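Enquirer: I'd like to go over a predicted model; first the sequence, then the structure.
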Amino acid sequence: MKLPLHQQPNVPGRSLRRGPRQGGMAVIVVLAIVSIALIYMAFNLRTLNYLTRDIHLIEERQNRRLAIVSTNAVTHTNLSATATNIAPAPARP
């Protein structure tokens, strides 16, 4: 009586072959894992892009705010220095 290949005992020198259905399932599992990894990477890249844009906007706002503060500080300093150097005008009789 000849047994089917998957039921034959393990004989040295003879390898057990998998059926075509099991090999196809392994390919599907690998493709599923690779697609999940690619989706995960795509979402991470999108989030990183959003964070980069947000940081850029925050940096621009800070630069504008600090530019206004520095120009105001210089203006106030110049006005106070100029006001102390000017002698009062003499009073007219």
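Expert: Structure received.
Enquirer: C-alpha from now on. contacts and neighbour counts both.
Expert: Fine.
Enquirer: all helices for the chain, in order.
Expert: Using DSSP state H, the helices found in the chain span residues 20-85.
Enquirer: Give me the below-cutoff pLDDT ranges for it.
Expert: Applying pLDDT under 70 to the chain flags residues 1-22, 73-91, 93.
Enquirer: Kindly recompute the last result at 90.
Expert: Where the chain drops to pLDDT under 90, the residues are 1-26, 66-93.
Enquirer: Tally up the residues packed near Thr52, please.
Expert: Around Thr52 there are 12 other residues, counting by other C-alpha atoms under 10 Å.
Enquirer: What's the separation between it and Gly24?
Expert: Using C-alpha to C-alpha, to the nearest Å, we find Thr52 at a distance of 42 Å from Gly24.
Enquirer: and if you look at Ala32?
Expert: For Ala32 relative to Gly24 (C-alpha to C-alpha), the value is 12 Å.
Enquirer: same deal with Arg64?
Expert: Using C-alpha to C-alpha, one gets 60 Å for the distance from Arg64 to Gly24.
Enquirer: just Arg65 next, same as before
Expert: Separation of Arg65 from Gly24 (C-alpha to C-alpha): 62 Å.
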